[in-house]
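Enquirer: structure for this input, please:
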Amino acid sequence: MGAALEGGDVQLGCYAESYISVAPVGVLNVNLANDSFVTVVSGLPRSGTSMMMHMLSSGGLPLLTDDARSADADNPQGYLEFAPVLRTRTDSSWVGAARGKAVKVIYGLLRDLPAEYTYRIVFMQRQLEEVVRSQQVMLERRGEPGAGLAPDKMIDLFARQVREIQTWLDQQPNVRVLYVPYADVVKEPPGEAQRVADFLALELDIAAMAEVVDATLYRQRKK
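Expert: Numbering: from 1, shown residues only. As a prediction, the model looks like this:
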């Protein structure tokens, strides 16, 4: 399966100069179609990946998660992560069990996913200034040190890393990608939920997905 992508201009000021979206491929019954691929939710930290995982779950798609990281003040709805993902480079045995489910894989680990499976990746995008500020606030709240880089340096680093992973994803024959701006989900939850469902070709509950979105959690909005 090729990475069938369409390019279009967008003023995101975040990961890339262009916004890439995937054309709808037709809706199939969730019970018939979803075991043929792994749904991956990815993106930078603090980019809305947990929100998207909650949306997919509410829409009717099973998740592959554990309780290793519980909800907190920075993510009151929970992180919905799966700890074995962090060890994928040395042990990818969990991936087969993810077919027909959604699993969160941070952008830096996407290259570790084994090539024998098919993936549909919902890649969350957010203004990089907001990502960096949200990360700073979270670390300050926890009393943890940061990366030791100035915000502008972190923004440049994230931008370069995401451009690299986008280029790599575009070259993978077993991957399809939908880029979803976080701000658009907050602004128009039903429309973005429908776009995700169309991309996955699944009959998800759009109303239930939209209800998950809590605009009050968009706390580091760029002015």
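Enquirer: for the rest of this, base every contact and every neighbour count on C-alpha atoms.
Expert: Will do.
Enquirer: what stretches of this protein score poorly on pLDDT?
Expert: For the chain, applying pLDDT under 70 flags the ranges 1-34, 69-76, 78, 135-149, 217-223.
Enquirer: can you map out the helices along it?
Expert: 30-33, 49-59, 128-142, 151-170, 182-187, 189-200, 206-212 (DSSP state H).
Enquirer: burial of residue 36, as a residue count?
Expert: Using other C-alpha atoms under 10 Å, residue 36 has 12 neighbouring residues.
Enquirer: related to what we said a few turns ago, pick the most deeply packed of the helices of the chain.
Expert: Stretch with highest mean neighbour count among those: helix 49-59 (a mean of 24; mean count of other C-alpha atoms under 10 Å).
Enquirer: quick check: the closest residue to residue 214 other than its chain neighbours vs residue 82, distance?
Expert: Nearest non-adjacent residue to residue 214, counting by C-alpha to C-alpha, 6 or more residues apart in numbering: residue 186, 7.3 Å away. Distance, residue 186 to residue 82, using C-alpha to C-alpha, to the nearest Å: 25 Å.
Enquirer: just to revisit the earlier point, quick check, the residue nearest to residue 214 in contact with residue 212.
Expert: No: counting by C-alpha atoms under 8 Å, residue 186 sits too far from residue 212 to count as a contact (10.1 Å).
Enquirer: is it true that residue 193 touches residue 203?
Expert: No: look at residue 193 against residue 203 with C-alpha under 8 Å: they stay out of range, at 11.1 Å.
Enquirer: hang on, the earlier thing: may I see the helices of the chain arranged in JSON lines, with distance to residue 86 as well?
Expert: Formatted as JSON lines, the helices of the chain follow (distance: least, C-alpha to C-alpha, whole Å):
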{"stretch": "helix 30-33", "distance to residue 86": "27"}
{"stretch": "helix 49-59", "distance to residue 86": "16"}
{"stretch": "helix 128-142", "distance to residue 86": "19"}
{"stretch": "helix 151-170", "distance to residue 86": "17"}
{"stretch": "helix 182-187", "distance to residue 86": "24"}
{"stretch": "helix 189-200", "distance to residue 86": "24"}
{"stretch": "helix 206-212", "distance to residue 86": "26"}
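Enquirer: residue 96: which of these is closest?
Expert: helix 30-33 (15.5 Å; C-alpha to C-alpha).
Enquirer: circling back: can you say which of the helices of the chain is nearest to residue 90?
Expert: Minimum separation from residue 90 across the helices of the chain (C-alpha to C-alpha) falls at helix 151-170, 20.0 Å.
Enquirer: so which elements touch the closest one?
Expert: In terms of contacts (3 or more C-alpha pairs under 8 Å, 6 or more residues apart in numbering; DSSP states H and E), helix 151-170 is packed against helix 128-142, strand 175-181.
Enquirer: try it again with 7 Å
Expert: Helix 151-170 sits against helix 128-142, with contacts defined as 3 or more C-alpha pairs under 7 Å, 6 or more residues apart in numbering; DSSP states H and E.
Enquirer: right, and the residue nearest to residue 214 touches residue 211 too?
Expert: No: the criterion here is C-alpha atoms under 7 Å, and residue 186 misses it with residue 211 at 10.6 Å.
Enquirer: so what's residue 197 up against?
Expert: For residue 197, the contact set (C-alpha atoms under 7 Å, 6 or more residues apart in numbering) comprises 203, 204.
Enquirer: repeat that with 6 Å
Expert: Contacts for residue 197 (C-alpha atoms under 6 Å, 6 or more residues apart in numbering) come out as residue 204.
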